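> please find the sequence and the predicted model below.
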Amino acid sequence: MAVASEASGRRAASCFFEVGRREIVGSTPRASSRLISGSEGLVMRLHQYGKLRGHDGCVNTVSFNPAGDLLVSGSDDMDIILWDWFAKTKKLIYPSGHQENVFHARVMPFTDDNNIITAAADGQVRVGQLKDGGEVTTKQIGAHDDRVHKLAIEPGSPYIFYSCGEDGLVQHFDLRNDSPTKLFTCYSFSNSRHRVGLNTIAIDPWNPNYFSIGGSDEYVRVYDMRKIQLDASSDMNKPVDTFCPKHLMGGKVHITGIVYSYAREVLVSYNDEHVYLFQNNMGLGPNPESAQVEFLDKLEQPQVYSGHRNFRTVKGVIFFGPNDEYVLSGSDCGNVFVWRKKGSELMRIMHGDKGVVNCIEPHPNFPFIATSGIDKTVKIWTPAANKLMSLPKNAKQIIASNERGREIDASQSELTLSSDLIMHVLRLPRRQSELYTEHEPSAENFASDDDESFFIGFDGANRNERSNSDPRECIVT
């Protein structure tokens, strides 16, 4: 069965590569492939093509090069691997030079895939340069005072990108210069002395002057690079707009992922909450805490995508399809959730990891995706299923278990940590794992191999392994 599935996946990928080289009814090859890639039937046939094995730790980042023929991954093992993902083989593996877990790795465009930028838990931003003969040199080109979660490349630029980290600092890099430019440090709207630790940054694809950041509070902050005053105090560098669902304002949530659509919509994933889609007219202004109640009551609220769980790691979120027709996210239950963007209907739940699916990366040209998480492998998905796949038989149980876990953790976070509760708090990680096991459906409720296989929670070995480490320390995207 595995051999047949692999052969089917290989045939599907080959067909798309061939379409990408041909014209159809007068369309250019790229236009033809984009037209076909938007088919809902292909999304409903997404199936795991294979696993890429080579890392010795959680795989915290996966990304395709601009051409889509290479995949780059980074891990807790601090190695960078370049994959020929279609052949499921390693093309190159090299030490990143980081001293702690690699959190993000990207190939710079228009560099013949020779420049790879990386960020890690050690606070460093580095660039790896690939030389002839397989030689790789790496050097540190910037640093933060805390973990660096995310890099964002200016669209189409071989030189310019941004970084953000838990120190709240946003930096601008130009590989032609010796050092980065420190743009500003992000502070809370309610307390100008409190830094906001940043998890994510995204650049507007239509106007690279605009970028958005999110982190340890509830607000997406949008900045205009042209209005940032490098010689001014941090108080001068206010965002030009902010976004947040009204019911989350003042809440104990934070942002783990932001991405722009090609229609300039902003998609945001909240920790232990849902995913929200904001239109441009849903902004709260430069200071959301000064917004009037009357204004908030009239403001249109964002579309919501729910059912998954985003608690244990700092997860990303993506659009999928040539016109961003779909929204995808990983989940703590080990699944990939696929929603239709318009209307937010849940279309697929695909099993992708023994523990947590954290990273999802769309192919730049075709309906393929790469995923990773707590497992040491990268999964590749292509539309190779022999039939249209529906939601798994236990979909309601998966969603209900995710919701129960959210409610339990919300109630636990409201406890007052008095001295008589210290031992209770110390036991919470173990209790959380037990709760996941308790809510796991029985074996007879699982789908057959033909319907895909899903499960909730962690097996015993995985729980024991995780009891000695915090997964939020090892998986960030």
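Great, that's in hand. Residues are numbered from 1 along each chain as shown.
> C-alpha from now on. contacts and neighbour counts both.
Fine.
> any weak-confidence spans in this structure?
Scanning the chain with the threshold set as pLDDT under 70 gives 1-37, 231-236, 413-477.
> okay, domains of it per the record?
Split into domains by automatic domain parsing, the chain comes to 2-392, 397-474.
> just name the most buried of those.
domain 2-392 (a mean of 20; mean count of other CA atoms under 10 Å).
> give the contact list for the closest residue in space to residue 201 that isn't next to it in sequence.
In space, and not counting its chain neighbours, residue 201 is closest to residue 213: 4.4 Å by CA to CA, 6 or more residues apart in numbering. Residues in contact with residue 213 (CA atoms under 8 Å, 6 or more residues apart in numbering) are 198, 199, 200, 201, 202, 220, 221, 222, 258.
> what of residue 270?
218, 253, 254, 255, 256, 257, 310.
> list just the nearest of those to residue 51.
residue 310 (23.4 Å; CA to CA).
> pretty sure the closest one is in a strand, no?
No: applying DSSP: H, G, I helix; E, B strand; the rest coil, one finds residue 310 to be coil, outside a strand.
> what strand or helix carries the nearest residue to it once chain neighbours are set aside?
Nearest residue to residue 310, sequence neighbours excluded (CA to CA, 6+ apart): residue 272, at 4.8 Å. In this assignment (DSSP states H and E), residue 272 forms part of neither any helix nor any strand.
> surely residue 272 and residue 253 touch.
Yes: using CA atoms under 8 Å, residue 272 is in contact with residue 253, at 7.4 Å.
> wouldn't residue 130 be in contact with residue 139 here?
No: Residue 130 is beyond contact range of residue 139, at 11.9 Å (criterion: CA under 8 Å).
> coming back round to it: let's have the contacts of residue 213 in TSV, adding secondary structure and distance to residue 145.
As requested, those are exported to TSV (DSSP: H, G, I helix; E, B strand; the rest coil; distance: CA to CA, whole Å):
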residue	secondary structure	distance to residue 145
198	strand	12
199	strand	14
200	strand	16
201	strand	17
202	strand	21
220	strand	22
221	strand	21
222	strand	23
258	strand	22
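> which residues are in contact with residue 140?
Neighbours of residue 140 in contact, by CA under 8 Å, 6+ apart: 124, 125, 126, 127.
> on the three-state scheme, it is what?
Classification of residue 140 by three-state DSSP places it in strand.
> check residue 396 too.
With three-state DSSP as the basis, residue 396 sits in helix.
> quick check: it vs residue 213, distance?
33 Å (CA to CA, to the nearest Å).
> hang on, the earlier thing: now the common contact residues for residue 272 and residue 253.
Common neighbours of residue 272 and residue 253 (CA under 8 Å, 6+ apart) do not exist.
> on that earlier part again, check contacts around the residue nearest to residue 310.
253, 309, 310, 311, 406.
> which two of these have the greatest separation?
253 and 309 (13.4 Å).
> what do these two both touch?
272, 273.
> now distance to residue 208 too, for the contacts of residue 213, in CSV please.
Output for these, formatted as CSV (distance: CA to CA, whole Å):
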residue, distance to residue 208
198, 20
199, 20
200, 16
201, 12
202, 10
220, 17
221, 15
222, 12
258, 15
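> quick check: the farthest pair among these?
199 and 222 (14.5 Å).
> got the contact list for stretch 78-98?
Contact with stretch 78-98 is made by 10, 13, 50-52, 54-55, 69-74, 99-102, 105, 118, 120, 122, 124, 126, 128, 134, 136, 138-139, 380, as judged by CA under 8 Å, 6+ apart.
> how does it look with 7 Å?
Outside of stretch 78-98, the residues within contact range by CA atoms under 7 Å, 6 or more residues apart in numbering are 52, 69-74, 100-102, 120, 122, 138.
> please consider this matter closed, and thank you.
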